[in-house]
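**Q** need a 3D model of the sequence below.
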Amino acid sequence: MSKIAIKKLHKSEIEIEGELDSEIFESYFTKALKKIGDTLQLDGFRKGKIPENILLSKIPEINILEEMAEMALGEHYPKFLENEKIDAIGRPKISITKLARKNPLGFKIKTAVLPEIKLPEYKNIAKEIISKITDAEKNIIVSDEDLENTIMDIRKSRAPKKHMADSPENDLTPNPSPYKGEGGEIDLPELNDAFVQAMGPFKDVADFKAKLKENIKLEKENQAKEKTRLKIIEKIIEESEIDLPEILIEVELDKILYKMESDITQMGLKFEDYLKHLNKTAADLRKEFKNDGEKKAKFALVLNEIAKVEKIIADEEQVEKEVATILEHYKDADPERARMHAENVLTNEKIFQFLESINHGSGE
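**A** Numbering: from 1, shown residues only. Modelled structure (predicted):
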């Protein structure tokens, strides 16, 4: 048996202090000795075949005790969490307070836990924000100017590009005008039936414009929807009480920097050179993006809590389809991570649909 006491610390951290009974601790002696012995090399003996009495004469007792402690806590720490119903996150910090043969093993374990979240009246928040959407915002119109600007962007994207060799050396900023011809003007392709037919299943320019207008409208509607959703979740986060553990912010910062490094690498640049160009270190960027990391962590926690309260889960059939799509496009993707991603995205979509439906009376 073991005795433990749990103390709550700040920022959703806890300290588990206790002792593992001497009999339990002592039971790891032979296993610890064998584990160390399997890596030991001695003249005249095959690796892993050194007799126990020789091992005891060659290995300092403290090394055996430390290995025993690591094995014992490695096995019993998950049991502490399960028995005490602790939702631990991240790697625990373990310190040994008592370490001796045929004695209890004394320890202190510090770990972050999933924070308690006090949600505000999130249904009322969603209802209020949605009720303030104006008719003009609901009925999105695509103007002729919107259409012409998009067509111009498409023509520019298909204009002959200036060769990279013409760019100044070591310039790490995007080229402002990669489409200019020798005279400095952009040599745009003509907008005609042949041009639009080369881009896709369009009959002619008129058909292309009609379909493009529909796409622009759809995109604007999606942008408006995302803007409203962001307002709702930001307001819910603002009024929520969350004692956020640092480790969750660090996890989000890891993701932000990983994506930035991937984007820079895909542009054909070295991340180290990019940092030099900015005159910054990775640690500087972590400081700069700390607020973003905090927002992302709170975003995930609040949505997770709403899903828990409202018993919202992703549809299994949709999850399977999404996972299949991910694995088809990314052959090296880990199936388990793909499933987690799909479940997360689809659950979040259902949460927002639930919040949006409140204004129409079906979310009460």
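**Q** in whichever strand or helix holds residue 36, which residues are buried?
**A** If you go by DSSP states H and E, residue 36 is part of helix 29-37. For helix 29-37, the neighbour count (16 or more other CB atoms under 10 Å) marks 29, 32, 33, 36, 37 as buried. Where you see a C-beta, it was placed from the backbone N, CA and C, and this is true even at glycine.
**Q** distance of residue 203 from residue 227?
**A** Going from residue 203 to residue 227 by CB to CB, to the nearest Å gives 34 Å.
**Q** hang on, I meant residue 139
**A** Taking CB to CB, one finds residue 139 at 16 Å from residue 227.
**Q** please apply the same query to residue 32.
**A** According to CB to CB, residue 32 and residue 227 sit 59 Å apart.
**Q** likewise residue 41?
**A** Taken as CB to CB, the span from residue 41 to residue 227 is 65 Å.
**Q** and if you look at residue 260?
**A** From residue 260 to residue 227 the distance is 24 Å (CB to CB).
**Q** coming back round to it: neighbour count for residue 139 and residue 227, which is higher?
**A** The neighbour comparison of residue 139 against residue 227 (other CB atoms under 10 Å) goes to residue 227, with 12 against 8.
**Q** report the buried residues of the host helix or strand of the more buried one.
**A** Per DSSP H and E, residue 227 falls inside helix 205-239. Neighbour counts over helix 205-239 (16+ other CB under 10 Å) mark 205, 208-209, 212-213, 216, 228-229, 231-237 as buried.
**Q** and stretch 16-28, by the same measure?
**A** The neighbour-count criterion (16+ other CB under 10 Å) identifies 16, 17, 18, 19, 20, 24, 25, 26, 28 as the buried residues of stretch 16-28.
**Q** out of these, the closest to residue 356 would be?
**A** When these are compared for distance to residue 356 (CB to CB), residue 16 comes out closest, at 42.4 Å.
**Q** lowest-confidence helix or strand of this structure?
**A** Sorting the helices and strands of the chain by mean pLDDT, DSSP states H and E puts helix 52-58 at the bottom, at a mean of 83.
**Q** which strands and helices sit next to it?
**A** Counting by 3 or more CB pairs under 8 Å, 6 or more residues apart in numbering; DSSP states H and E, the packing neighbours recorded for helix 52-58 are helix 29-37.
**Q** helices or strands up against the longest strand along the chain?
**A** Longest strand in the chain, counting residues (DSSP state E): strand 88-98. Applying 3+ CB pairs under 8 Å, 6+ apart, one finds that strand 88-98 contacts helix 61-83, strand 105-113, helix 246-266.
**Q** which sections of the chain are below the confidence cut-off?
**A** 1-2, 161-186, 359-364 (pLDDT under 70).
**Q** how near is residue 295 to residue 341?
**A** 20 Å.
**Q** now residue 79
**A** Residue 79 is 31 Å from residue 341, by CB to CB.
**Q** which of those two has more neighbours?
**A** A direct count of neighbours by other CB under 10 Å for residue 79 and residue 341 places residue 341 higher, at 16 against 10.
**Q** got the contact list for residue 319?
**A** By CB atoms under 8 Å, 6 or more residues apart in numbering, residue 319 lies in contact with 339, 342, 343, 346.
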